[in-house]
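Undergrad: based on what follows, work out the 3D shape:
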Amino acid sequence: MSAGRMDRRITIERASIAKDGFGAEVKTWVGFATVWAKSTPVSDGEKWRAGEIGATISHRFKIRWSQKLASLNAKDRLRFDGKVFEIHGVKEIGRRQHFEISASARAE
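TA: Sure thing, here's the model as predicted:
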């Protein structure tokens, strides 16, 4: 894939546990990597949740493989276009060439 098709910036975030002022553990999200990606909208859907309709936006992101991102998984999340996307799956495309990330965000 040519670099010109990867024209969107995404930030991959990883969960980190920190302690608050009272010593309790708090989950925070820390920027892990900011990379160029190709973004492809997959579908917009509405789902019934607790008696209300929640709209979701699904995307596939294609990024270049790197050693730093080799541990990328569904416990991570990403930010794109002002939204937080929960990662559902990560596939390696080719042999250490690209990753394809399936993710969705709540539409607001």
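
Undergrad: from here on, contacts and neighbour counts on C-alpha atoms
TA: Noted.

Undergrad: middle-most residue in the protein, spatially?
TA: Nearest to the geometric centre of the chain sits Leu78, at 3.0 Å (CA atoms, centre = their mean).

Undergrad: these two touch, right, that one and His88?
TA: No. Counting by CA atoms under 8 Å, His88 is not a contact partner of Leu78; they are 11.0 Å apart.

Undergrad: in three-state terms, label Ile101 for me.
TA: For Ile101, the assignment made with DSSP: H, G, I helix; E, B strand; the rest coil gives strand.

Undergrad: what residue of the chain is the furthest out?
TA: Distance from the C-alpha centroid of the chain peaks at Phe22, with 31.0 Å (CA atoms, centre = their mean).

Undergrad: helix or strand for it, just tell me which one.
TA: Using DSSP states H and E, Phe22 sits within no helix or strand.

Undergrad: phi, psi for it please.
TA: phi -100, psi 0 (degrees, to the nearest 10).

Undergrad: state the distance from it to Val30.
TA: For Phe22, the distance to Val30 equals 21 Å [CA to CA, to the nearest Å].

Undergrad: ok, now Gln97?
TA: Distance of Gln97 to Val30, given as CA to CA: 25 Å.

Undergrad: so these two - more neighbours on which side?
TA: A count of neighbours by other CA atoms under 10 Å puts Val30 above the other of Gln97 and Val30, at 15 against 12.

Undergrad: need the contact list for Ala15.
TA: 27-30, 75-76 (CA atoms under 8 Å, 6 or more residues apart in numbering).

Undergrad: can you list the residues you listed in a markdown table and add distance to Ala18, secondary structure and pLDDT?
TA: A markdown table is the format used below for the contacts of Ala15 (distance: CA to CA, whole Å; DSSP: H, G, I helix; E, B strand; the rest coil; pLDDT from 0 to 100):
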| residue | distance to Ala18 | secondary structure | pLDDT |
| --- | --- | --- | --- |
| Lys27 | 6 | strand | 91 |
| Thr28 | 7 | strand | 93 |
| Trp29 | 10 | strand | 95 |
| Val30 | 11 | strand | 95 |
| Lys75 | 17 | coil | 96 |
| Asp76 | 17 | coil | 97 |
